[in-house]
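Q: Here is the input, now give the coordinates:
(one chain, ligands or ions: 2)
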Amino acid sequence: MGIDDHHGGSFAVPHVLYARRQYSAEMTSQHPNTPSEDQIRRAPKVLLHDHLDGGLRPGTIVDLARGTGYEGLPDTDPDKLGRWFREAADSGSLERYLETFAHTCAVMQTREALVRVAAECAEDLAADGVVYAEVRYAPEQHLEGGLALHEVVEAVNEGFREGERRARGNGHRIRVGALLTAMRHAARALEIAELANSYRDLGVVGFDIAGAEAGHPPTRHLDAFEYLKRENNRFTIHAGEAFGLPSIWQALQWCGADRLGHGVRIIDDIHVGEDGTVELGRLASYVRDKRVPLELCPSSNLQTGAADSYASHPIGLLRRLHFRVTVNTDNRLMSGTGMSREFEHLVGAFGYSLDDLQWFTVNAMKSAFIPFDERLAMINDVVKPGYAALKSERLFQ
Ligand SMILES: O=c1[nH]cnc2c1ncn2[C@@H]1O[C@H](CO)[C@@H](O)[C@H]1O
Ligand SMILES: [Zn+2]
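A: Ligands and ions are numbered 1, 2, ... in the order given. Model prediction:
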């Protein structure tokens, strides 16, 4: 059976792979480099795909709703509200998953709210051991309270700086860059791309498009991507999540995306034979040969129906085939997750070692949109020493 024989939006990975993976997971569970939960939390982590409006603390949503008079929340008890988001997002469809953002966006319409949410985002990521993050949001979704687009960007930037300061005060180091997202069903992509360009070197490191994928091809926003290329600016595109190879192909070959948001359905172009031999189609070969970064988000994929389980998530095969795989949270609130949690799921499913987690982290740092010399310094001076210190712990046990 081929990997592209999928039903109802999920992928069937051949049994031969399951069997082999389970065997190797058993073997590696005894491996001295298998990290504990505490080590995963302390490991330096790099996050490239995280939505600001998908990561609010439930208590903050309740506070902000009370302050602004928003009465649409499905619950005002923070614990119950958190559970509501996770369950409502667990719908098996991207469109239904996206409906939950109406509530978070509703309470993010003032300068104060945006500063607070951004500051808490940086603080929460830092407390989880994230040292570098690119956090995205759609400025056009935060104008209902009368803010102008540039005021939204400045409020979020102020929040990120405040969160970085607070994190430092708590003994954590983090650096956060913003990605400005345009909504793919709307028609403001060029305007948002121009906004991203005018705030480059001022806290904004790139551009993205998001929203429902089926029926909204990225080529609709070609003018925005061509503009950014002319400006030598960088962008990622949500592609290959709820829709398959044509979306990935357009994002890369028509739009010129530097990275793929998700890109998980590249698996449709990879054939694994009964005997375990692997054949890559032209597009999958291109993605691997050109080292196109895949911003994979395992928990999010389980909720939107893009994958069935962690153990059968295509990340296992893509990592084995040395695609430029990165691990991401997508929406921490809707998935009840964080970077440590995503790593824990993968360690549980695939028996990954600290070396594997370092590999994902170095991949992510290499693929970040900050300048090359800074990426290199983050890898050599922060990521590698951090993992080396963790790996050395077993010598003293
Ligand atoms: O996984 C996803 N796929 C596509 N769009 C998404 C995903 N997660 C969030 N958003 C969309 O991006 C907007 C800006 O952050 C969110 O409001 C949500 O509509
Ligand atoms: Zn996303």
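Q: Would you mind listing what in the stretch 151-300 of the chain touches ligand 1?
A: Within the stretch 151-300 of the chain, the residues that sit near ligand 1 (C-beta under 6 Å from any ligand atom) are Thr181, Ala210, Gly211, His238, Glu241, Ser300. Every residue, glycine included, has its C-beta placed from N, CA and C.
Q: rerun that using 8 Å as the cut-off
A: Taking C-beta under 8 Å from any ligand atom as the contact definition, the stretch 151-300 of the chain meets ligand 1 at 181, 183, 210-213, 238, 241-242, 261-262, 297, 300.
Q: show me what contacts the residue nearest to Gly55 when sequence neighbours are not counted?
A: Nearest non-adjacent residue to Gly55, counting by C-beta to C-beta, 6 or more residues apart in numbering: Arg332, 4.2 Å away. Arg332 is in contact with Asp50, Gly54, Gly55, Asp124, Gly338, counting by C-beta atoms under 8 Å, 6 or more residues apart in numbering.
Q: Hmm, the second one is touching Met334, no?
A: This means Gly54. Yes: with contacts counted by C-beta atoms under 8 Å, Gly54 reaches Met334, the gap being 5.5 Å.
Q: next SSE after the strand or helix carrying Gly177?
A: Element membership for Gly177, per DSSP states H and E: strand 175-183. With elements assigned by DSSP H and E, the helix or strand that comes after strand 175-183 is helix 189-198.
Q: Can you report how many residues lie near Asp50?
A: 26 (other C-beta atoms under 10 Å).
Q: How about the secondary structure of it?
A: strand (DSSP: H, G, I helix; E, B strand; the rest coil).
Q: That one: what's it in contact with?
A: Cys121, Leu125, Ala133, Glu134, Val135, Arg136, Asn328, Thr329, Asp330, Asn331, Arg332.
Q: For the helix or strand hosting the fourth one, which strands pair with it and how are they oriented?
A: With secondary structure defined by DSSP H and E, Glu134 is part of strand 130-137. With DSSP bridges as the criterion, the sheet partners recorded for strand 130-137 are strand 45-51 (parallel), strand 175-183 (parallel).
Q: Show me what it is in contact with.
A: Counting by C-beta under 8 Å, 6+ apart, 44-53, 55, 118, 121-122, 125, 156, 160, 173-181, 205-206, 208, 210, 339, 364-365, 368-370, 378, 382-383, 386 sit against strand 130-137.
Q: For it, what does the pLDDT average out to?
A: The average of the pLDDT scores along strand 130-137 is 99.
Q: Report the next helix or strand after that strand in sequence order.
A: helix 149-169.
Q: so how far is that next one off the chain centroid?
A: 20 Å (C-alpha atoms, centre = their mean, to the nearest Å).
Q: Check stretch 60-70 too.
A: Computed by C-alpha atoms, centre = their mean, the chain-centroid distance of stretch 60-70 equals 26 Å.
Q: try stretch 328-342
A: The answer for stretch 328-342 is 8 Å, by C-alpha atoms, centre = their mean.
Q: Show me what from the stretch 1-150 of the chain comes close to ligand 1.
A: Neighbours of ligand 1 within the stretch 1-150 of the chain, by C-beta under 8 Å from any ligand atom: 51-54, 94, 97-98, 101, 104-105, 136-138, 141.
Q: try 5 Å this time
A: His51, Asp53, Leu98, Phe101, Tyr137, Ala138 (C-beta under 5 Å from any ligand atom).
Q: Now Ala106. Nearest residue, chain neighbours left out?
A: Once flanking residues are discounted, Ala106 sits nearest to Tyr70: 5.0 Å by C-beta to C-beta, 6+ apart.
Q: so Asp208, which of the three states?
A: Under three-state DSSP, Asp208 comes out as strand.
Q: Let me see the contact set for the residue nearest to it when sequence neighbours are not counted.
A: The spatial neighbour of Asp208 that comes closest, neighbours along the chain excluded (C-beta to C-beta, 6+ apart), is Thr181 at 4.4 Å. Thr181 makes contact with His51, Arg136, Tyr137, Ala138, Ile192, Phe207, Asp208, Ile209, Ala210, according to C-beta under 8 Å, 6+ apart.
Q: same thing with Arg161?
A: The contact partners of Arg161, taken as C-beta under 8 Å, 6+ apart, are Gly203.
Q: if we can go back for a sec, reformat the contacts of Arg332 into TSV and put secondary structure next to each item.
A: Converted to TSV, those look like this (three-state DSSP):
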residue	secondary structure
Asp50	strand
Gly54	helix
Gly55	coil
Asp124	helix
Gly338	coil
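Q: Which one of these is nearest to ligand 1?
A: Gly54 (5.3 Å; C-beta to the nearest ligand atom).
Q: Please tell me the pLDDT value assigned to the closest one.
A: At Gly54, pLDDT is 98.
Q: For the stretch 251-397 of the chain, which segments count as strands?
A: Along the stretch 251-397 of the chain, counting by DSSP state E, counting those that start in this stretch, strands occupy 259-262, 270-272, 278-280, 294-296, 325-327.
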